[in-house]
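Novice: Okay, here's the prediction I keep looking at, along with the sequence it came from:
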Amino acid sequence: MEIMYSSTRGGGAKVSASQAILKGLADDGGLFVPDRMPKFEVPLENLKDMSYQETAYEVMKLFLTDFTEEELKACIRGAYDDKFDTDVIAPLVKKQDAFYLELFHGKTIAFKDMALSILPYLMTTAAKKNGVKNEIVILTATSGDTGKAALAGFADVPGTSIIVFYPKDGVSPIQEKQMVTETGKNTMVVGVNGNFDDCQTGVKKIFNDSKLEKEMADKGYQFSSANSINIGRLVPQIVYYVYAYGQLIKQGEINPKDTMDVVVPTGNFGNILAAYYAKQIGLPIGKLVCASNENKVLFDFFGSGTYDRKRDFILTSSPSMDILISSNLERLIYKIAGNDASKTSDLMKQLAGDGEYTITDDMKAELSSFVGGFASEEETAKEISDVYKKTGYVIDPHTAVASYVCKDKANATQVKTVIASTASPYKFTRSVMMAIDADKYKDMGDFELVDELNKLSGVTIPQAVESIRTAPVLHDTVCEIEEMSEVVEKRLGLR
């Protein structure tokens, strides 16, 4: 039976999976959600013998029901190939009592590759299925990692172009260099004088501009998104939690049907929502631990039931989590509101207007699987240092936030806990090396630190970093928040 998608805010007719992927965002500003939650069909004991690609097919076919088997398997083959530096795609590494799910072995060394490697294939297949002749313009806001992963995925893909907005002073030097050296002829990277929330709000505003939409259609363009607001981003992220469970069985750490907890460093809420969806389809996940940095809007929400974005925005060493408006939380709100689009829409209006909303006690009771935790900058740095000193294993600041929270939330039941390790330490060399030995490394340049990290960890320097050492800057556009739409219109020749 085909699964259809509707807006969290109730506007518009239901659409197929391929149509939802093409649109990215619903016409009323809501996010697409499935009209029912499918159930995983593979016996859990079989997971230990399945490759990442096989697992991906069994998960994704449940949600993308208007894709044929041949179409979906072709997308998976194209995505999960030698772009990844390991055949297993997402290794599960045990260090002491912690299990780190390494999601950074793709082309841009961050977890966004796990979904953004396949999204271009899903999108171009969806365009063919729906007879789309327009050029698809991918419009994306990034807090650091989505941008480069999206650029790498869509670079020179026929029938597409991509424009990425990032906070000019809110990403790491390596993250910025990765983006501004992108060579794809159909790519544009724009620094915004603002923070990630400003970029994300600006992109949503452009999406919801009906006049611009008509002007674009007249010129043969249509928007879509590569952010995790796109269901084509979210569904592939479910896969690696299912795969991790199979790896725990394979490593003899659990038996089939045993419970697994997950700890996810969280900003825009997409990654942990994927874990929640994995639980919904039948994976035995117990606790979903939402790990925040000092921008702890989600930690406060899970504790109080009030989501309040009215606070100072803090730039931290884990910039992909420097977010105060967690877009994907809307999908969870819709679910715990009993799939009530009207109630969800009202809460989102309160957030936009008053800067906060409070859920009901009944809704809060539906969040019993979620646990909030956070790590300060000092605690994050100490965790990087402690893990390295005890195990020789080097983790990035986002993973360190989750690792710290994992230890803080350790429970007496000894449930095996998987930490979503979301980025290579090479992407945040300065923060990592300063955490390990500030006095020794404080005066070194960014690429000197890359070489020192290589000596320290014994891990080969990723091509993603090596290739940008001397690469020329090709994107130098910087704009104000209110100029974002103008930049897009100029790029597309509309003004």
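Specialist: All right, it came through fine. Since this is a predicted model, take the numbers as computed values, not measurements.
Novice: C-alpha from now on. contacts and neighbour counts both.
Specialist: Noted.
Novice: quick one: the helices in the stretch 351-495 of the chain?
Specialist: Taking DSSP state H, counting those that start in this stretch as the test, the helices found in the stretch 351-495 of the chain are 361-365, 377-391, 397-408, 429-441, 446-457, 463-466, 484-491.
Novice: give the contact list for residue 116.
Specialist: Contacts for residue 116 were tallied using CA atoms under 8 Å, 6 or more residues apart in numbering; they are 146, 149, 150, 153, 226, 233.
Novice: give me that answer again for 6 Å
Specialist: Residues near residue 116 by CA atoms under 6 Å, 6 or more residues apart in numbering: residue 150.
Novice: can you give me phi and psi for it?
Specialist: Backbone geometry at residue 116, expressed as degrees, to the nearest 10, gives phi -80, psi -10.
Novice: quick one: it and residue 243, what's the gap?
Specialist: According to CA to CA, to the nearest Å, residue 116 and residue 243 sit 18 Å apart.
Novice: quick revisit: residue 123 is nearest to which of the helices of the stretch 351-495 of the chain?
Specialist: When those are compared by CA to CA, helix 484-491 sits nearest residue 123, at 20.7 Å.
Novice: next one: the closest one to chain centre, how far?
Specialist: Its chain's C-alpha centre and that of helix 484-491 lie 25 Å apart, by CA atoms, centre = their mean, to the nearest Å.
Novice: Report the rounded mean pLDDT for that helix.
Specialist: If you average the pLDDT over helix 484-491, you get 97.
Novice: buried sites along it?
Specialist: 484, 485, 487, 488 (16 or more other CA atoms under 10 Å).
Novice: okay, residue 149: pLDDT?
Specialist: Predicted confidence (pLDDT) for residue 149: 95.
Novice: Let me fix that, I meant to ask about residue 193.
Specialist: According to the prediction, residue 193 has pLDDT 98.
Novice: Touching, it and residue 480? I think so.
Specialist: Yes. Applying CA atoms under 6 Å, one finds residue 193 in contact with residue 480, separated by 5.3 Å.
Novice: Show me which of those two is the more surrounded one.
Specialist: More neighbours surround residue 193 than the other of residue 193 and residue 480, with 18 against 13 (other CA atoms under 10 Å).
Novice: got the contact list for that one?
Specialist: Neighbour list for residue 193: 168, 480 [criterion: CA under 6 Å, 6+ apart].
Novice: Identify the residues contacting residue 142.
Specialist: Going by CA under 6 Å, 6+ apart, residue 142 touches residue 166.
Novice: Try it again at 10 Å.
Specialist: Counting by CA atoms under 10 Å, 6 or more residues apart in numbering, residue 142 makes contact with 148-150, 164-167, 170-171, 195-197, 199-200, 226-227, 320.
Novice: now do residue 184
Specialist: 151, 152, 153, 154, 155, 156, 157, 161, 162, 474.
Novice: Thought residue 138 was touching the fourth one, still the case?
Specialist: In other words, residue 154. Yes. When contacts are counted by CA atoms under 10 Å, residue 154 is listed as touching residue 138 (8.5 Å).
Novice: shared neighbours, these two?
Specialist: Contacts common to residue 154 and residue 138, judged by CA under 10 Å, 6+ apart, are 120, 160, 161, 162, 187, 226.
Novice: Quick check: phi and psi on the last one?
Specialist: Main-chain dihedrals, residue 226, degrees, to the nearest 10: phi -110, psi 0.
Novice: And the residue nearest to it when sequence neighbours are not counted, which helix or strand is it part of?
Specialist: The shortest distance from residue 226 to any non-neighbouring residue, by CA to CA, 6 or more residues apart in numbering, is to residue 140 (5.9 Å). Assigned by DSSP states H and E, residue 140 falls within strand 135-141.
Novice: so where's the stretch 351-495 of the chain shaky on pLDDT?
Specialist: 410-413 (pLDDT under 70).
Novice: Pick the most deeply packed of the helices of the stretch 351-495 of the chain.
Specialist: Comparing the helices of the stretch 351-495 of the chain by mean neighbour count (mean count of other CA atoms under 10 Å), helix 397-408 ranks first with a mean of 26.
Novice: Can you give the distance from the lengthiest helix in the chain to the centre of its chain?
Specialist: In the chain, with assignment by DSSP state H, the single longest helix is helix 231-250. Distance of helix 231-250 from its chain centroid, counting by CA atoms, centre = their mean, is 13 Å.
Novice: cool, stretch 209-217 as well?
Specialist: 28 Å.
Novice: taking the mean pLDDT, what do you get for it?
Specialist: Rounded mean pLDDT across stretch 209-217 is 94.
Novice: For the stretch 151-300 of the chain, which segments count as helices?
Specialist: Assigned by DSSP H, counting those that start in this stretch, the stretch 151-300 of the chain shows helices spanning 173-180, 196-207, 210-219, 231-250, 270-280, 297-304.
Novice: helices or strands up against the first one?
Specialist: Applying 3 or more CA pairs under 10 Å, 6 or more residues apart in numbering; DSSP states H and E, one finds that helix 173-180 makes contact with helix 145-154, strand 160-167, strand 187-192, helix 429-441, helix 446-457, helix 463-466.
Novice: mind listing what's buried in it?
Specialist: 174, 175, 176, 177, 178, 179, 180.
Novice: picking that back up, quick check: the farthest pair among the contacts of residue 184?
Specialist: Across these (CA to CA), the longest gap, 18.6 Å, separates 157 and 474.
Novice: surely residue 20 meets residue 127?
Specialist: No. The criterion here is CA under 10 Å, and residue 20 misses it with residue 127 at 11.0 Å.
Novice: When those two are compared, which one has more neighbours?
Specialist: Taking other CA under 10 Å, residue 20 and residue 127 do not tie; residue 20 has more neighbours (27 against 20).
Novice: who are the neighbours in contact with residue 73?
Specialist: Applying CA under 10 Å, 6+ apart, we find residue 73 in contact with 53, 54, 56, 57, 60, 61, 67, 79.
Novice: quick one: the second one from residue 282, how far?
Specialist: The span separating residue 54 from residue 282 equals 18 Å under the rule CA to CA.
Novice: just the last one next, same as before
Specialist: Between residue 79 and residue 282 the distance, using CA to CA, works out to 25 Å.
Novice: The two: which is more packed in?
Specialist: Per other CA under 10 Å, whichever of residue 79 and residue 282 has more neighbours is residue 79, with 24 against 16.
Novice: can you pull the contacts of that one?
Specialist: Counting by CA under 10 Å, 6+ apart, residue 79 has contacts 53, 73, 106, 113-122, 153.
Novice: could you redo the last one with a cut-off of 6 Å?
Specialist: Contacts for residue 79 (CA under 6 Å, 6+ apart) come out as 117, 118.
Novice: Numbering from 252 from now on, please.
Specialist: That works, and once the first residue is 252, the last one we named lands at residue 330.
Novice: Residue 367 versus that one, what's the distance?
Specialist: Separation of residue 330 from residue 367 (CA to CA): 9 Å.
Novice: ok, now residue 641?
Specialist: Residue 641 is 34 Å from residue 367, where distance means CA to CA.
Novice: Distance check, residue 516 against residue 730.
Specialist: Counting by CA to CA - residue 516 and residue 730 are separated by 30 Å.
Novice: Of those two, which one has the most company?
Specialist: Using other CA under 10 Å as the criterion, residue 516 and residue 730 rank with residue 516 on top: 30 against 16.
Novice: which residues touch the residue lying closest to the more buried one once chain neighbours are set aside?
Specialist: The shortest distance from residue 516 to any non-neighbouring residue, by CA to CA, 6+ apart, is to residue 542 (4.6 Å). Contacts for residue 542 (CA under 6 Å, 6+ apart) come out as 515, 516, 517, 624, 625, 653.
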